[in-house]
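Q: sharing a model that was predicted from the sequence below.
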Amino acid sequence: MKKISLGAFLTVLLFLAPHSLDARFQVCKPSGKIKGKKPPPGKCVEDNDSFCCIPGKLYPTYKCSPPVSGTTKAILTLNSFEKGGDGGVPSKCDMKYHSDDIPVVALSTGWYNGGRRCLQNITISANGRSTHAMVVDERDSSTGCDEEHDYQPPFPNNIVDASKAVWKALGVPMNDWADLDIAWSDA
């Protein structure tokens, strides 16, 4: 049996360590910025704690999200996927609107992964409970402040934007529906 010298072993280790760390501990940094512009009158719906872009303000954009693990930490936000709701347009996955009584979500750009999670269920855990919800849309963290995004800023890169049904299933009191720390995973 051949013996490997300590020097050769350390050389291989030093070569492999940075490459494995890159994949496991990758940090998602902003990919750019968007300057806010004033929406036309009546064009930005401010339901469910949504807010409109502020003219001149710079908003960070992301094309990535934190790596997905067994239980990925995220922020749960509230969205209406119904026609006329604060989601604005039909869902990206199926070009349909969805009732607020159905557990559906939109994921930040990196987690949406070009639609690869479309119409798949994820498991959301918070408040001592878990529930399943179907991915129907992207919460765009790469662009915003335009008509397609209801003149709202780009979303952060760690958002799971959920219908009222998800919040109800997690047992969150209605007056606390805003931002909630959660963990999620592919179902």
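A: Perfect, I can see it now. Numbers count the residues shown, from 1 in each chain.
Q: and residue 182, what element?
A: strand 180-186 (DSSP states H and E).
Q: which neighbouring elements make contact with that strand?
A: strand 72-78, strand 121-126 (3 or more CB pairs under 8 Å, 6 or more residues apart in numbering; DSSP states H and E). Backbone N, C-alpha and C define where each C-beta goes, glycine included.
Q: among the ones you listed, single out whichever gets nearest to residue 156.
A: Taking CB to CB, strand 72-78 is the member of these nearest to residue 156, at 7.0 Å.
Q: what pairs with the helix or strand following the closest one, parallel or antiparallel?
A: Next in sequence after strand 72-78, counting helices and strands by DSSP H and E, comes strand 104-108. Its sheet considered, strand 104-108 pairs with strand 129-139 (parallel), strand 159-162 (antiparallel) by DSSP bridges.
Q: the ones you listed into TSV, with extra columns for mean neighbour count?
A: Listed next are the strands paired with strand 104-108 as TSV, based on neighbours: other CB atoms under 10 Å:
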stretch	mean neighbour count
strand 129-139	21
strand 159-162	25
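Q: now these as a markdown table including mean pLDDT?
A: Shown next, in a markdown table, are the strands paired with strand 104-108 (pLDDT from 0 to 100):
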| stretch | mean pLDDT |
| --- | --- |
| strand 129-139 | 97 |
| strand 159-162 | 97 |
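Q: got the ones you listed as a markdown table, with distance to residue 115 columns?
A: Shown next, in a markdown table, are the strands paired with strand 104-108 (distance: least, CB to CB, whole Å):
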| stretch | distance to residue 115 |
| --- | --- |
| strand 129-139 | 8 |
| strand 159-162 | 16 |
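Q: check the residue most central in space within the chain and give its pLDDT.
A: The centroid of the chain falls nearest to residue 108 when counting by CA atoms, centre = their mean (2.4 Å). Residue 108 carries a pLDDT value of 97.
Q: that one pairs with what?
A: Those that pair with residue 108 in a beta bridge, by DSSP bridges, are residue 139.
Q: hmm, it is touching residue 141, no?
A: Yes: applying CB atoms under 8 Å as the test, residue 108 and residue 141 come out as touching, 4.8 Å apart.
Q: wait, is residue 111 part of a helix?
A: Yes: under DSSP: H, G, I helix; E, B strand; the rest coil, residue 111 sits within a helix.
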